[in-house]
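S.K.: Predicted coordinates and the sequence they were generated for:
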Amino acid sequence: MNESSRKEILIQVYKRLYTRFGPQHWWPGNSQFEIIVGAILTQNTNWGNVEKAIKNLKRARVLSPKGLIEIPVKKLAKLIRPSGYFNIKAKRLKNFIEFLFKEYQGDLKKMEQQPLTELRQKLLSVNGIGPETADSILLYAFEKPIFVVDAYTKRLLYRHHLIDEDDDYSSVQKIFMGHLKADVKFFNEYHALIVRLGKEICKKKPLCHLCPLNNLSYSLIFKCSSCHRYLLNQEERFPLKRGEGFLLQYFCPRCFKGE
């Protein structure tokens, strides 16, 4: 696929998702700090659990840099228990807060003033903050133009032949950053729409017949019955007759070998 085709597909994905779902008003949070805490807590869990944990922090009146720097880590872990992996996440929150006070005297405004590239490198140096969490903080809390990549993004792009299975975070991010205008509002909305699609339609077992993208570089007929990737070339299609009436299904080479 040439670069102009890839760019056009990315634009069409956004337009179709926006037409189907409309604006998403994401990320939830009443303040920069709440968004940052939410970005750390949402690792390996759903947003409903994060909301419960944040409510606990608010009730305890510790949802602030000062509050989290002073609270003992064991007490913090109890408060964020609904988010799962609470002992690990309590340490990660503490790591971030210590970083905030060490580098910026606990002042988010000072942190926000740092250039995108420099701030991203510093965030990635904090134990427990990986690329997705760092970029979520940068985009949603500090409104810096960087595209957030998550499992939904990789799943969507892989199924539509825009990435390979083993492409890493940086490679996937470059597809968006290299082909689309770096705009905070646009990146915000685009990522939120992908999340909406991934939760409702492009699941591990997708509802392809309901998807607004199902005829965009995709085939409902020639797709792998296991990973659901569009089988672009005929040589990729391994047919099998299965089930009652000998239903014909296709598999990609990788999934066919795992049969």
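M.R.: Happy to help now that I have it.

S.K.: From here on, just use CA atoms for contacts and neighbour counts.
M.R.: Fine.

S.K.: Now do the strands in the stretch 101-250 of the chain.
M.R.: Counting by DSSP state E, counting those that start in this stretch, the stretch 101-250 of the chain has these strands, from start to end: 238-242, 247-251.

S.K.: Distance to L93 for the ones you listed - can I get that in a markdown table?
M.R.: Written out in a markdown table, the entries for the strands of the stretch 101-250 of the chain read as follows (distance: least, CA to CA, whole Å):
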| stretch | distance to L93 |
| --- | --- |
| strand 238-242 | 48 |
| strand 247-251 | 43 |
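
S.K.: what distance separates the start and the end of stretch 149-163?
M.R.: 13 Å (CA to CA, to the nearest Å).

S.K.: about what we covered before: ok, which of the strands of the stretch 101-250 of the chain comes nearest D167?
M.R.: Each of those was checked against D167 via CA to CA, and the shortest separation belongs to strand 247-251, namely 20.8 Å.

S.K.: For the stretch 101-250 of the chain, give me the ranges with low pLDDT.
M.R.: Residues of the stretch 101-250 of the chain that meet the criterion pLDDT under 70 lie in 242-246.

S.K.: Which segments of this protein make up each domain?
M.R.: Here the domain parsing of the chain from automatic domain parsing is 1-206, 219-259.

S.K.: Could you single out the most deeply buried of those?
M.R.: domain 1-206 (a mean of 17; mean count of other CA atoms under 10 Å).

S.K.: distance between it and the chain's centre?
M.R.: The chain centre lies 6 Å from the centre of domain 1-206; the measure is CA atoms, centre = their mean, to the nearest Å.

S.K.: Just the helices from the stretch 1-150 of the chain, written as ranges.
M.R.: Listed in chain order, the helices found in the stretch 1-150 of the chain under DSSP state H, counting those that start in this stretch are 3-21, 32-41, 47-59, 65-70, 73-79, 86-104, 108-112, 116-124, 131-136.

S.K.: Kindly report the same for the stretch 151-259 of the chain.
M.R.: Counting by DSSP H, counting those that start in this stretch, the segments of the stretch 151-259 of the chain that form helices are 151-159, 169-179, 184-200, 253-257.
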